[in-house]
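# okay, predicted coordinates and the sequence, questions at the end:
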Amino acid sequence: MTEEEAKEDFLKRIENYRMQYEPLDLEYDEDKSYIKVINAGKSFYVHNVNGHVQSRVVYFLMNIHLLPRSIYLSRHGESEYNRIGRLGGDSPLSENGLKYAGKLLEYFANEKLDDFRIWSSQKIRAAQTASHLKDLAEHTEFWKCLDEIDAGICEGLTYEDFESRYPKQFAERDKDKYHYRYPSGESYEDLVARLEPVIMELERQSNVLVVSHQAVLRCILAYFTNQNRDDLPYLKVPLHTVIKLTPKAYSCEVEMFKFDIDAVNTYREKPK
Ligand code: G3H
């Protein structure tokens, strides 16, 4: 489509809207709550907004934008704990993990992104991965709220240890993984609340790479791809894979780039 055709199509669309909708009237609609977004967010007219949910909607609308950009999600490279199947902890990258960080640098050098930002968790394995790319980015920031789900008393255990030491807890998690909270730790539901500021900030930004962890990236991926809470804790976010999210008009394009570097599989299937 040429620029002229696109413009004509857009103006026709506005004409069609005009036939279907009527504008809000300052006097007649005095009691209604509404927000007018003028010129794709250049200015806003907010009227009669009450309560928490309505003000969150205003906050959200004031933060989104329509400019083309991509959000990249990557787990840290394979860690020493990943290799031995342990949950959480703060171990460094394995040899394969370090190779992945090197490949990630090549990948992003080829992407040639403007205003590229990197946000990493503060865990050693993520910071090590992100640090390889710091010369490519305008800013590299280390956010505590991107740290992995806190597995509480199960930090450092394998799934087998968890099941044999705390069989009841293990079964409860399998029954409702989204709401299950590790004793002295977090649930996926807690994680979603912790990530709200990150997600809002992602809405505002241009090209960002988030270097984080399996559970955290599941929450971010679920938000952009509209997944429900039963499926969220089982989304596949493998190691050594970049997930590229490109927001479009009514959806978000998802592309997965798997790098050819060995890594263990940390995915545990949903029990039948
Ligand atoms: O505990 C750390 C894992 O990355 C989260 O995996 O929620 O599937 O057990 P999980």
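That came through fine.
# care to break the chain down by domain?
For the chain, automatic domain parsing gives the domain ranges 3-61, 71-258.
# burial check on the residue in the chain that the ligand sits nearest to, number of neighbours?
Relative to the ligand, the nearest point of the chain is Gln214 (3.3 Å; CB to the nearest ligand atom). C-beta coordinates here come from the backbone N, C-alpha and C atoms, glycine included. The local packing of Gln214 (other CB atoms under 10 Å) involves 19 other residues.
# wait, what's in contact with it?
Residues near Gln214 by CB atoms under 8 Å, 6 or more residues apart in numbering: Arg75, Glu148, Val237, Thr266.
# and those near the ligand, which?
Glu148 (CB under 6 Å from any ligand atom).
# picking that back up, could I get the domains of the chain as a markdown table with mean pLDDT?
A markdown table is the format used below for the domains of the chain (pLDDT from 0 to 100):
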| stretch | mean pLDDT |
| --- | --- |
| domain 3-61 | 94 |
| domain 71-258 | 97 |
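# deepest-packed of the ones you listed, please.
Greatest average neighbour count among the domains of the chain goes to domain 71-258 (a mean of 18), per mean count of other CB atoms under 10 Å.
# now do the contacts for the closest residue to Ser94 other than its chain neighbours.
Among residues not flanking Ser94 along the chain, Glu78 sits closest, at 4.8 Å (CB to CB, 6 or more residues apart in numbering). By CB under 8 Å, 6+ apart, the contact set of Glu78 is Leu93, Ser94, Asn96, Gly97, Tyr100, Leu239, His240, Asp262, Ala263, Val264.
# now do 7 Å
Leu93, Ser94, Asn96, Gly97, Tyr100, Leu239, His240, Ala263, Val264 (CB atoms under 7 Å, 6 or more residues apart in numbering).
# need the contact partners of stretch 46-54.
Here stretch 46-54 has contacts from Asp31, Lys32, Ser33, Tyr34, Ile35, Ser55, Val58, using CB under 7 Å, 6+ apart.
# among those residues, which ones lie close to the ligand?
Counting by CB under 6 Å from any ligand atom, nothing from the contacts of stretch 46-54 sits close to the ligand.
# got the residues you listed as JSON lines, with distance to Arg173 and secondary structure columns?
Formatted as JSON lines, these follow (distance: CB to CB, whole Å; DSSP: H, G, I helix; E, B strand; the rest coil):
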{"residue": "Asp31", "distance to Arg173": "48", "secondary structure": "coil"}
{"residue": "Lys32", "distance to Arg173": "45", "secondary structure": "coil"}
{"residue": "Ser33", "distance to Arg173": "40", "secondary structure": "coil"}
{"residue": "Tyr34", "distance to Arg173": "43", "secondary structure": "strand"}
{"residue": "Ile35", "distance to Arg173": "40", "secondary structure": "strand"}
{"residue": "Ser55", "distance to Arg173": "35", "secondary structure": "helix"}
{"residue": "Val58", "distance to Arg173": "37", "secondary structure": "helix"}
